[in-house]
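**Student:** fold the following for me, if possible:
(one chain, ligands or ions: 4)
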Amino acid sequence: HAKKNKLNYQYFDTSLNEKALTSFELSNKIKEALENNEFALYYQPIYSLTENKIKSAEALLRLFSKNTSMSPDKFLPIVKDLGLINEINNWVLDNAFKQLSIWNKYKKDFSISINISFSQIYSQDFIDFTKECIKKYKINPKNIIFEITEDETLEDIDKASYILDSLKNIGIKIAIDDFGTGYSSLAYITKLPVDILKIDKSLIKDIEKEKNIEIIKAILSISKTLNFSVVAEGVETQKQLEILKNLKVEKIQGYILDPPLKAYEFETKYIKSKT
Ligand code: C2E
Ligand code: CA
Ligand code: CA
Ligand code: CA
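**Tutor:** Ligands and ions are numbered 1, 2, ... in the order given. Down below sits the predicted model:
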């Protein structure tokens, strides 16, 4: 029996070593992926309950390396540590805009939502690169939504406001991501040029709890007064959908419709389909 225990111990020990190796390997994998272009954008539909149709999609970054896929929550901080975040951010913008230019040939009002972190908007060439891509792909800026996400950056909200104003002036729409969870959500909506609030999926998950319903009602009430449109994200069940419909939420996104899809899958299902 002692032998068996020893084997078990060794087994766990090995797996621990593998785990330790993984973060080192991860860095190499990510460098490799950047060189070999192993990133992809997936697209998740956003459904309008008021218009009964899909008029936009959120672009979500995926990394495929030797048949493993990894969440952007996990690999983006590593990309940042490697000093390669600017490169990948620009890759996302270029690819999403290219996709948008193609899809707008079929649906001219279709829009794409792109995730942008606070640190990204402060980076030197963000505005220039955005404008360059708009020109390059002949995009209508009205079809672009930037979803602003909190990251570990110390925020200079006045600077953010100045930068986002200049984007809004050319027609780009600004969404606040994960609304209802961050530390300064209320400061964002008073100081930033916001068009859309995305209600965080943690509020939707436990939507049957009275407190969550009250918070969502308050978000909807502020949105009505300040003229924001609202998207509920992470909608998974029929029950959640019913509650959101009753609350008169405008748009929903989540597994109940579809998970993020490969571009060609999204295109077949939502862009080239007749409905
Ligand atoms: P997020 O912007 O809040 O994106 C929503 C996340 O919820 C996505 O995870 C999506 O796949 C997932 N999701 C969608 N529907 C459901 C649902 O019904 N239930 C649940 N439980 N989850 C759902 P994902 O793709 O792993 O992305 C994680 C985060 O990584 C994103 O959160 C976003 O903050 C960040 N991210 C993704 N792509 C990019 C990017 O291109 N640039 C930047 N800066 N950040 C990105
Ligand atoms: Ca988002
Ligand atoms: Ca979100
Ligand atoms: Ca998030």
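
**Student:** in the stretch 51-200 of the chain, where is pLDDT below threshold?
**Tutor:** Scanning the stretch 51-200 of the chain for pLDDT under 70 picks out the ranges 66-68, 154, 184.

**Student:** ligand 3 contacts on that one?
**Tutor:** Taking CB under 5 Å from the ion as the measure of proximity, the stretch 51-200 of the chain contacts ligand 3 at 177-178. Any C-beta I mention is one placed from the backbone N, CA and C, and that applies to glycine too.

**Student:** strands along the stretch 51-200 of the chain, start to end?
**Tutor:** 53-65, 68-70, 111-117, 144-149, 173-179, 196-199 (DSSP state E, counting those that start in this stretch).

**Student:** make CSV out of those and add mean neighbour count and distance to ligand 1.
**Tutor:** CSV is the format used below for the strands of the stretch 51-200 of the chain (neighbours: other CB atoms under 10 Å; distance: least, CB to the nearest ligand atom, whole Å):
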stretch, mean neighbour count, distance to ligand 1
strand 53-65, 20, 4
strand 68-70, 12, 9
strand 111-117, 22, 4
strand 144-149, 22, 5
strand 173-179, 22, 5
strand 196-199, 26, 7
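
**Student:** for the ones you listed, give me TSV that also has distance to ligand 2.
**Tutor:** Converted to TSV, the strands of the stretch 51-200 of the chain look like this (distance: least, CB to the ion, whole Å):
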stretch	distance to ligand 2
strand 53-65	6
strand 68-70	17
strand 111-117	5
strand 144-149	4
strand 173-179	4
strand 196-199	6
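
**Student:** to I243, which of those lies closest?
**Tutor:** strand 196-199 (12.0 Å; CB to CB).

**Student:** need the contact partners of that closest one.
**Tutor:** Applying CB atoms under 8 Å, 6 or more residues apart in numbering, the contact partners of strand 196-199 are 145, 147, 173-180, 189, 216, 219, 223, 228-233, 249, 253.

**Student:** thinking again about what came up before, okay if I get the strands of the stretch 51-200 of the chain as a markdown table plus distance to E267?
**Tutor:** Shown next, in a markdown table, are those (distance: least, CB to CB, whole Å):
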| stretch | distance to E267 |
| --- | --- |
| strand 53-65 | 10 |
| strand 68-70 | 20 |
| strand 111-117 | 12 |
| strand 144-149 | 18 |
| strand 173-179 | 22 |
| strand 196-199 | 23 |
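
**Student:** and K245, which of those is closest to it?
**Tutor:** Of all the strands of the stretch 51-200 of the chain, strand 196-199 sits nearest to K245, with 14.1 Å by CB to CB.

**Student:** that closest one pairs with which strands?
**Tutor:** Using DSSP bridges, the strands paired with strand 196-199 are strand 173-179 (parallel), strand 229-232 (parallel).

**Student:** could you point out the helix or strand that follows the last one?
**Tutor:** Taking DSSP states H and E as the definition, the helix or strand that follows strand 229-232 towards the C-terminus is helix 238-246.

**Student:** for that following helix, list every residue counted as buried.
**Tutor:** Neighbour counts over helix 238-246 (16 or more other CB atoms under 10 Å) mark 240-241, 243-244 as buried.

**Student:** burial check on K272, number of neighbours?
**Tutor:** 12 (other CB atoms under 10 Å).

**Student:** where does it land on pLDDT?
**Tutor:** On the pLDDT scale, K272 is placed at 94.

**Student:** same question for T275.
**Tutor:** Taking T275 on its own, its pLDDT is 58.

**Student:** and the furthest pair within the buried residues of helix 238-246?
**Tutor:** Across the buried residues of helix 238-246, the longest distance by CB to CB is 7.4 Å; it joins L241 and I243.

**Student:** helices along the stretch 101-250 of the chain, start to end?
**Tutor:** Remark: helices assigned in the stretch 101-250 of the chain by DSSP state H, counting those that start in this stretch are 118-122, 126-136, 157-169, 185-191, 201-205, 210-226, 238-246.

**Student:** report the angle between the axes of the third one and helix 126-136?
**Tutor:** This points to helix 157-169. Comparing the axes of helix 157-169 and helix 126-136 via axes from the mean of the first three to the mean of the last three CA atoms, to 10 degrees yields an angle of 10 degrees.
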